[in-house]
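In: 3D model of this:
(chains A and B)
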There are 2 protein chains.
Amino acid sequence: MTSLEPPFTSVAIVGLGLIGGSVALGIRERWPGVRIVGVDRAAVLAHAADTIDRGVESISEIGEPDLVVLAAPVRQNVALLAELATRRLRQETVVTDVGGTKRDIVEAARQASPCLTFVGGHPIGGAERGGFSFAHPKLFDGRPWILTPDADTSLRALAAVEALARGLGARPTTMSAAEHDRLMAFVSHLPQLTASALMHVAGASTSGSGLRLAGRGLVDTTRLASSPADVWVDICGSNADAIGEALDHLISRLMKLRADLKRGEVVAETFVDAAHWRNELMKGRD
Amino acid sequence: MTSLEPPFTSVAIVGLGLIGGSVALGIRERWPGVRIVGVDRAAVLAHAADTIDRGVESISEIGEPDLVVLAAPVRQNVALLAELATRRLRQETVVTDVGGTKRDIVEAARQASPCLTFVGGHPIGGAERGGFSFAHPKLFDGRPWILTPDADTSLRALAAVEALARGLGARPTTMSAAEHDRLMAFVSHLPQLTASALMHVAGASTSGSGLRLAGRGLVDTTRLASSPADVWVDICGSNADAIGEALDHLISRLMKLRADLKRGEVVAETFVDAAHWRNELMKGRD
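Out: Predicted structure coming up:
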């Protein structure tokens, strides 16, 4: 890789959790000269002190960065965007986010336009543990980073956020916010709800002594059940229609299995189809 | 650990897949002097040639072992047990199995009694890939090995199978076949059906291009979807009532989530409860 010039000289990162923290660490490693302002609670700022140049507790104190990265839970990002729009940032300042849903914030940015230059983003590099202590500069390495520009997005703003994504090792790809939200409902939000529901049912029905006899299958299938609640309450609120559709698909699939079981007819096809899609999922991964 | 005398001098293992193959490898490592007869198709026997002393393609050719381990899919094990019962094995020969359901085979053994000395067993050490090539002598290390004796089981037979489990590093524990099947419906069979259903829905709804944008969450949650179909068709057939009950619990939990979404009210409790049970599940694990 040729050495990339940093696409910005100063950045404000709002929310130094797993994703925001990893963005900060990645920028620090890739472009040591970029000035990083972190916005979070005092305890988190103390934890991130070696990574950021300056920590503030309110978005009103970020000064005049070239780039603002909103990395709070998704509905907070929407509120923060509205607050930024009233702040009269410089015309050149690009605002992006890293949230798991895109329609809400893209719509909020459209309403704030032209007071704000925004490109929605979503790096696919999550893990089940939130918080700065799990952040890692390589979290996005080789992973997709979805950008959701619309017709009003400037090429300059899009190029800046693409350069951020590439600089952190990710592969930027673009689609509409609606397409993003429908896709993520199936491949990200539905797995989360499924893991949480399964963990709840297995735990409540067998109690702790039963769980001690569970094998690796339950352990893997429910890994996401440790995910931070606040992040997921927000995502559910912000993508309810698409997640609802995905849930309907899963419920009807499980009801078909239920009917098959009752007739004594669970057929190999169920498992063969699933194994086929699992193969597709694993193509090109470790 | 003090060196254990082998609880048997010769063993026949019927089915050299992941579990049967791992039993063979474990016995070979723990008690090198024990004679192992493997029963499987010729291609599998060729693959296992270094591990077993003799390979045969039919259970009628196993000779007079001290111990028979049935390690085929569960409904085949039931048929094999019936076949063994007609064979007039020596009174001292103990028969056990390693299948994921227990009521069917325990009932078959009860009907075959007193022609057969049987103790049902289920080592919890599965993985998503079947076949001898994934077998490993340490597969059961530190894991539970559930035994399901009933009122007619002899102490001698129970002690022999417990010694096998301990010799392979597992922790034997006993419960009734009914208790086993209900518990496994929730902590093993339900996760399998859920992973397969989720993988099917995510794959069919987004296609391969969508799956390329999935993160680690979907990858982990659907790992079980690669499991061998024949094993699971058998388990579903053999534990349909208990799996059906577990599926009912999951479906109703998902429908509650669906209703919460529609009202715009997915609450943190859903995720907090699941995280609590996930913590319970992970206690004492790596």
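
In: who are the packing partners of the longest strand seen in chain A?
Out: Of all the elements of type strand in chain A, the one with the most residues (DSSP state E) is strand A:117-123. Strand A:117-123 makes packing contacts with strand A:94-97, helix A:103-112, strand A:144-148, helix A:155-167, helix A:177-184 when contacts are defined by 3 or more Cβ pairs under 8 Å, 6 or more residues apart in numbering or on different chains; DSSP states H and E. Every residue, glycine included, has its C-beta placed from N, CA and C.

In: parallel or antiparallel, which strands does that strand pair with?
Out: Strands adjacent to strand A:117-123 in the sheet, as given by DSSP bridges, are strand A:94-97 (parallel), strand A:144-148 (antiparallel).

In: circling back to that earlier point, so of the helices and strands packed on strand A:117-123, which one's packed in deepest?
Out: Stretch with highest mean neighbour count among the helices and strands packed on strand A:117-123: strand A:94-97 (a mean of 28; mean count of other Cβ atoms under 10 Å in any protein chain shown).

In: would you map the strands across chain A?
Out: For chain A, the strands defined by DSSP E cover A:10-14, A:35-39, A:54-56, A:67-70, A:94-97, A:117-123, A:144-148, A:171-174.

In: so A:Ile243 is in contact with A:Leu190, correct?
Out: Yes: the pair formed by A:Ile243 and A:Leu190 meets the contact definition of Cβ atoms under 8 Å, at 6.8 Å.

In: OK, contacts around the residue of the stretch 101-250 of chain A found nearest chain B?
Out: Among residues of the stretch 101-250 of chain A, the one nearest chain B by Cβ to the nearest Cβ turns out to be A:Gly203. It sits 2.7 Å away. A:Gly203 makes contact with A:Leu211, B:Asp273, B:Ala274, B:His276, B:Trp277, B:Arg278, B:Glu280, B:Leu281, according to Cβ atoms under 8 Å, 6 or more residues apart in numbering or on different chains.

In: let me know the closest of those to B:Arg75.
Out: Minimum separation from B:Arg75 among the contacts of A:Gly203 (Cβ to Cβ) is found for A:Leu211, which lies at 27.6 Å.

In: quick one: contacts for that closest one?
Out: Taking Cβ under 8 Å, 6+ apart as the criterion, A:Leu211 is in contact with A:Ala202, A:Gly203, A:Leu218, B:Val187, B:Trp277, B:Glu280, B:Leu281.

In: isn't A:Leu97 up against A:Gln76?
Out: Rather than Leu, residue A:97 is Asp. No: look at A:Asp97 against A:Gln76 with Cβ under 8 Å: they stay out of range, at 10.2 Å.

In: of the contacts of A:Leu211, buried ones?
Out: Among the contacts of A:Leu211, those classed as buried by neighbour count (16 or more other Cβ atoms under 10 Å in any protein chain shown) are A:Ala202, A:Gly203, A:Leu218, B:Val187, B:Trp277, B:Glu280, B:Leu281.

In: with distance to A:Leu164 as extra columns, can I get those residues in CSV?
Out: CSV is the format used below for the buried ones among the contacts of A:Leu211 (distance: Cβ to Cβ, whole Å):
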residue, distance to A:Leu164
A:Ala202, 40
A:Gly203, 40
A:Leu218, 38
B:Val187, 43
B:Trp277, 38
B:Glu280, 40
B:Leu281, 37
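
In: closest to A:Lys256 out of those?
Out: Distances from A:Lys256 to the buried ones among the contacts of A:Leu211, taken as Cβ to Cβ, are shortest for A:Ala202 (21.3 Å).

In: and the pLDDT at the closest one?
Out: According to the per-residue confidence, A:Ala202 scores 96 in pLDDT.

In: and it, how far is that from A:Pro6?
Out: Distance from A:Ala202 to A:Pro6, counting by Cβ to Cβ, to the nearest Å: 48 Å.

In: widest-spaced pair of the contacts of A:Gly203?
Out: A:Leu211 and B:Asp273 (13.8 Å).

In: could the helices and strands packed on strand A:117-123 go into TSV alongside mean pLDDT?
Out: Below are the helices and strands packed on strand A:117-123 laid out as TSV (pLDDT from 0 to 100):
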stretch	mean pLDDT
strand A:94-97	97
helix A:103-112	95
strand A:144-148	97
helix A:155-167	95
helix A:177-184	97
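
In: in a markdown table: the ones you listed, plus distance to B:Pro149.
Out: Shown next, in a markdown table, are the helices and strands packed on strand A:117-123 (distance: least, Cβ to Cβ, whole Å):
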| stretch | distance to B:Pro149 |
| --- | --- |
| strand A:94-97 | 59 |
| helix A:103-112 | 58 |
| strand A:144-148 | 53 |
| helix A:155-167 | 60 |
| helix A:177-184 | 50 |
